[in-house]
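K.L.:
Next come a sequence and a model predicted from it.
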Amino acid sequence: MAAEEPGRTVRPGAVLAVTAGLAAASCPFFFAAGALYLWSGLLFEALLVFPAAEDWRTGYISDAWSLVLFAGGAAHWLLLGRAEDLATAAGIFILFFALARLRAAGEGDAYLAGAAALWLSWEEAAVFLWGAFVLGGLAGAVLVAAGGKRLSEGVPFAPCVAAAGGIAYGAGDALFAAWLAL
């Protein structure tokens, strides 16, 4: 994980302004039949895209992104979740935090993945984990093969988390069922 560079990180005020704007714009739709899941999915992916872009540019993920994603995930869980979803989110956070301590992932990745898991069912979370690691491995292989990175260097992982989060939220249950049917 790169050290924080003043001027290159996203300010918490900007994060809160974007989040408040997205939430306010979507409020009328939250109470329509079935719209809660759709709009929360769009908000979820929007909250993952910003830290992914920051990680790609700087190699650093501001904690503010994870805090906003966590707050949104907690609200999402209160409205749509089950107790096992909360336990899954805690497990994913612990897994990523252990990887961060082993220097296999950054602490920002741990916070971001744990916060993202609050938005997912346990089936979606399984697809999320698998997808994030597969995409991370593929991204690392491509960057090394293209000469952009060495094996000893870190690969920005938040873009993989964002992509896997979107896939898992949108089609995780179906992908999990298809995997079980194999």
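P.N.:
Alright, I've got the coordinates.
K.L.:
doesn't F157 make contact with G106?
P.N.:
Yes: applying CB atoms under 8 Å as the test, G106 and F157 come out as touching, 7.0 Å apart. From N, CA and C alone the C-beta is placed, and that goes for glycine too.
K.L.:
okay, the two: which has more neighbours?
P.N.:
Higher neighbour count among G106 and F157: F157, with 27 against 22, using other CB atoms under 10 Å.
K.L.:
mind checking how far the spatially closest residue to the more buried one that is not a sequence neighbour is from A125?
P.N.:
Distances taken as CB to CB, 6 or more residues apart in numbering put D109 closest to F157, at 4.8 Å, once the chain neighbours are dropped. Per CB to CB, to the nearest Å, D109 is found 15 Å from A125.
K.L.:
What of L80?
P.N.:
From L80 across to A125, the span is 14 Å (CB to CB).
K.L.:
Point out where the protein drops to low pLDDT.
P.N.:
1-38, 81 (pLDDT under 70).
K.L.:
And the helices in it, which stretches?
P.N.:
Listed in chain order, the helices of the chain (DSSP state H) span residues 12-30, 35-58, 63-80, 83-101, 107-117, 122-145, 158-181.
K.L.:
I appreciate the help and will end here.
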